[in-house]
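K.L.:
Quick one, fold the following:
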Amino acid sequence: MAKASSPNGRITLSMSLDNEGRPSYAVQRDGKPLIADSRLGFMFTDAPKIERNLTLAGTQTARHDSTWTQPWGEWSIIRDHHNEMRVTFREKGDLQRQMDVTFRLFDDGVAFRYTLPDQANLHHANIAEELTQFAFAEGGTAWWKPAFEWNREEYLYNKTPLDAVSTAQTVMTVKLASGIHVALHEAALVDYSGMNLARAQGNVFRAALTPGSGAPKVSRDAGFSTPWRTIAIADDAAGLYMNHMILNLNEPNKLGEVSDWIKPGKFAGVWWNMIKGDWTWARGPKHGATTANVRRYIDFAAANGFSGVLVEGWNVGWDGDWFGNGNAMNFSQPTDDFDADALTAYAKAKGVRLIGHHETGGSASHYDGQLDSAFKWASDHGEQVVKTGYVTDAGQIERVDPDGSRHREWHEGQWMVNHYLRVVQAASKYKISIDSHEPVKDTGLRRTYPNWVAREGGRGMEYNAWIGGKNPPEHEANLVFTQMLGGPMDFTPGVLSLTGSEGSAIQSTIAKQLALYVVLYSPFVMAADTPENYARYPGPFKFIKDVPTDWADSLVLNGEVGDYVTIARKSKGKGDWYIGSIGDEEPRSHKINLSFLDDGASYTAEIYRDGSDADYRSDARHSIVMEKKAVRKGESLQIDLAPGGGQAIRIYKN
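P.N.:
Residues are numbered from 1 along each chain as shown. Model (predicted):
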């Protein structure tokens, strides 16, 4: 048996072999079982599995403690403090294959990954499945969304007993019966298939890799390591969010100095009217991306201090049925009613840049063939950010091989994992950042490639545009403690009109729309509503104009998964604090202590709170109170949230 512990000693891990030579690991916290004996190993499509008749051939340990600086993010400084144990297994039989497992133990979690060295009887690995298990030592409640369904990652979160989960995507968050919170995910997903979680029996889960178009789910030359399998552990939901393990498990920045071209900020967009159905992406009488419309949005962005304008439907290829078939898309040919050169010059004169949009319709190989020309065109037109899209059903990405053969891939299969990274790398050559929609999940690669600034990967604001299936009030409080444990999400908040198609009501108060700018982090954030609607609400709109998108520090002041959360963030430079608090369908009240403010300083708090009659179910969802209050360190603020409500606060020194 081999053992290791976290730097503070609270988390311990034991590695053992049973009588048949099957390896397993177990995790304890404060001496109590958290993860019971859980199997390890691989199944292959063309070779015997590695899972039994193994011997422990060696153990290496190491300690690590360092800090590093993010070019952008929720925290400027990240500490990486962990203990490591690498265990080598070797088969007893004729094959004598070797498998290494490296464990890293942090004070707030455990991560491990496999390494398959190049060896006499394993030069290439065709992996059918991992045999990795996560056997919870007790029951609990799980928040999860289903894997392998047609709508990719865009599902509401289920809240069920742990032993009622079917097959879940990661991040899956669990509150155990003892109150401990655990989140299962992965880090550094590179040249591998995305991991899901299939419940085997009771509270035991196993890795379920996303398929590809061929028999192996992963095919690689030996001499590689898998992504890290991560187990975040905390006393409460707030502690899960403060975990930096995912970032620390990724390689350092490979792009060098990026501060001259990656500049977080807010943007407007020719988008909401299209999502609602008032405008179209395709050419015609309702085409949204016209020269006149985009000029108006550039004027709006410049007048309100926004750095960019997103334009969708600007290029040739949108006419006809492009869903799942984007082979007509041309990412360097504008439509005839979109004067790209004139608009680029107009935006530059106003201090604004266009944000590009590359919708592939799931035709990923077609996009691969245009990457260089597309990003050169974007760079030539002043774009520093491009939003990509892969709108097609799960399992329907079109891959075309050099021999002309066509295949269908999953968004999170190995081939697409590699495609997404190819896009990010190609964009970096032209100093362009990527905001991926219909993406692969976030596993912390923004550390290695800081131009991968955001992604969708869940149900964002667009669902509130449609008459049916709107996001319920609890949705954002679920996102914070599930998907967003992986990284930033392009949720596109700020619809102050609170109406979607045909005047349908969004299940939110206006104060909550403001709070989302603090709670749901992304370095590039959209002011999603139209200029006309923002003109109707100048008071609340002031907060959207003021709130930064890059932070020196972030604190989770309170929270329960799916119920409520309050987050405070400190801006870079000026050092103002911004607080966002959101709830669910219930009215909620709590106090927050301002212990994070500077000693001896006097501050003013600009408060945007739900009115006393505010309620997402009525016309009073627009009821809001805007007030100022003198505050100092150590004082408390009362937070009262209406049903579907929120509160946003800016605190600055006098």
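
K.L.:
start to end distance for stretch 493-501?
P.N.:
This stretch, stretch 493-501, spans 16 Å end to end (CA to CA, to the nearest Å).

K.L.:
what's the offset of that stretch from the middle of its chain?
P.N.:
Distance, stretch centre to chain centre, for stretch 493-501: 22 Å (CA atoms, centre = their mean, to the nearest Å).

K.L.:
got the contact list for it?
P.N.:
Stretch 493-501 has contacts (CB atoms under 8 Å, 6 or more residues apart in numbering) with 272, 276-277, 461, 464-467, 470, 505-506, 508-510, 513-514, 516-517, 520, 525-530, 533-534, 536-537, 540-541, 544, 621-622. Just so you know, the C-beta spots here come from the backbone N, C-alpha and C atoms, and that holds for glycine as well.

K.L.:
Next step: these restricted to strands.
P.N.:
With strands taken from DSSP state E, the overlap with the contacts of stretch 493-501 comprises 525-526.

K.L.:
Return a ChimeraX selection command for the buried portion of the contacts of stretch 493-501.
P.N.:
To isolate the buried subset of the contacts of stretch 493-501 in ChimeraX, counting by 16 or more other CB atoms under 10 Å, use the following:
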select :272,276,461,464,465,470,506,508,509,510,513,514,516,517,520,525,526,527,528,529,530,533,534,537,540,541,544,621,622
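
K.L.:
residue ranges of the strands in the stretch 501-650 of the chain, please?
P.N.:
Here the stretch 501-650 of the chain has its strands, by DSSP state E, counting those that start in this stretch, at 524-526, 551-560, 564-571, 577-582, 588-593, 602-610, 624-632, 636-641, 646-653.

K.L.:
Take those and write them to TSV, including distance to A26 and mean pLDDT.
P.N.:
Shown next, in TSV, are the strands of the stretch 501-650 of the chain (distance: least, CB to CB, whole Å; pLDDT from 0 to 100):
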stretch	distance to A26	mean pLDDT
strand 524-526	42	98
strand 551-560	28	98
strand 564-571	32	98
strand 577-582	37	98
strand 588-593	37	98
strand 602-610	47	98
strand 624-632	48	98
strand 636-641	41	98
strand 646-653	41	98
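
K.L.:
Just send these back as TSV, with distance to Q425 too.
P.N.:
Shown next, in TSV, are the strands of the stretch 501-650 of the chain (distance: least, CB to CB, whole Å):
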stretch	distance to Q425
strand 524-526	19
strand 551-560	27
strand 564-571	30
strand 577-582	33
strand 588-593	42
strand 602-610	41
strand 624-632	44
strand 636-641	43
strand 646-653	37
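
K.L.:
Show me the one of those that comes nearest D236.
P.N.:
Nearest to D236 among these is strand 551-560; the distance by CB to CB comes to 7.6 Å.

K.L.:
tilt between the closest one and strand 588-593?
P.N.:
Strand 551-560 and strand 588-593 are oriented at 140 degrees to each other (axes from the mean of the first three to the mean of the last three CA atoms, to 10 degrees).

K.L.:
Could you shift the numbering so residue one becomes 35, and keep it that way?
P.N.:
In the new count, where the first residue is 35, that last one comes out as strand 585-594.

K.L.:
Send over strand 585-594 as PDB, restricted to the C-alpha atoms.
P.N.:
What follows is strand 585-594, C-alpha atoms only, in PDB (Å, rounded to 0.1, in the frame of the first residue of the first chain):
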ATOM      1  CA  TRP A 585     -10.400  41.200 -11.100                       C
ATOM      2  CA  ALA A 586      -7.600  41.300  -8.600                       C
ATOM      3  CA  ASP A 587      -9.500  39.100  -6.100                       C
ATOM      4  CA  SER A 588     -12.800  37.300  -5.700                       C
ATOM      5  CA  LEU A 589     -14.600  36.100  -2.500                       C
ATOM      6  CA  VAL A 590     -17.700  33.900  -2.200                       C
ATOM      7  CA  LEU A 591     -19.500  35.400   0.800                       C
ATOM      8  CA  ASN A 592     -22.200  32.800   1.000                       C
ATOM      9  CA  GLY A 593     -24.100  30.300  -1.100                       C
ATOM     10  CA  GLU A 594     -26.000  27.100  -1.500                       C
END
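
K.L.:
SS state for the nearest residue in space to G521 that is not next to it in sequence?
P.N.:
Distance criterion CB to CB, 6 or more residues apart in numbering; nearest residue to G521, sequence neighbours excluded, is D476 at 3.4 Å. Three-state assignment for D476 (DSSP: H, G, I helix; E, B strand; the rest coil): coil.
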